[in-house]
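Asks: only geometry, no sequence info:
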């Protein structure tokens, strides 16, 4: 019985480690660390999707995210959502996004994000969407946006009291 319990515990630990490794994904190009790129599932017929991640510049000089592209969208742009006169507005950032030396910039809902326009097909939870990012100094790297279930990145108390 002890052997069976030990085997079950070992199998459980192994499975947990595999799940953690599969869900966490990080990338590095030059001095830029790219943390957990993700997007949400999209409904059939949705023309756009958004991509999110963290970008950490470990260099002593600024860099800039200058472009992004994917084969699954006609156009990929860097956008910023912000509140202007009580109205949420989204604007393209054609100059790119400055990554200050030694800092982390978050691409997240309600702020900076990648805008995938005229997506080819719906994105389903669990799949990965390849996106190529180009940085002014660090170069070019292809990352995968993990299509995460709705609310996967939302704080637990976001809808408290509703």
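Replies: Ah, there it is. Keep in mind that what you see is a predicted model, and the values were worked out from it rather than measured. Numbering: from 1, shown residues only.
Asks: Locate residue 106 within the secondary structure: which element?
Replies: Per DSSP states H and E, residue 106 falls inside strand 104-107.
Asks: For the following helix or strand past that strand, give me every contacting residue.
Replies: Per DSSP H and E, strand 104-107 leads on to strand 112-119 as the next helix or strand towards the C-terminus. For strand 112-119, the external contacting residues (Cβ atoms under 8 Å, 6 or more residues apart in numbering) are 39, 42, 46-52, 68, 70, 72-81, 90, 92-93, 97, 105-107, 129, 131. Any C-beta I mention is one placed from the backbone N, CA and C, and that applies to glycine too.
Asks: Now list the buried members of these.
Replies: Buried by 16 or more other Cβ atoms under 10 Å: 39, 42, 49-52, 68, 70, 72-73, 76-81, 97, 105, 107, 129, 131, out of those.
Asks: Just give me how far the strand holding residue 106 sits from the chain centre.
Replies: Put simply, strand 104-107 sits 10 Å off its chain's centre (Cα atoms, centre = their mean, to the nearest Å).
Asks: Who are the packing partners of that strand?
Replies: Counting contacts by 3 or more Cβ pairs under 8 Å, 6 or more residues apart in numbering; DSSP states H and E, strand 104-107 packs against strand 48-57, strand 97-99, strand 112-119.
Asks: Adding mean pLDDT and distance to residue 136, write those strands out as JSON lines.
Replies: Output for the helices and strands packed on strand 104-107, formatted as JSON lines (pLDDT from 0 to 100; distance: least, Cβ to Cβ, whole Å):
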{"stretch": "strand 48-57", "mean pLDDT": "98", "distance to residue 136": "11"}
{"stretch": "strand 97-99", "mean pLDDT": "98", "distance to residue 136": "9"}
{"stretch": "strand 112-119", "mean pLDDT": "97", "distance to residue 136": "16"}
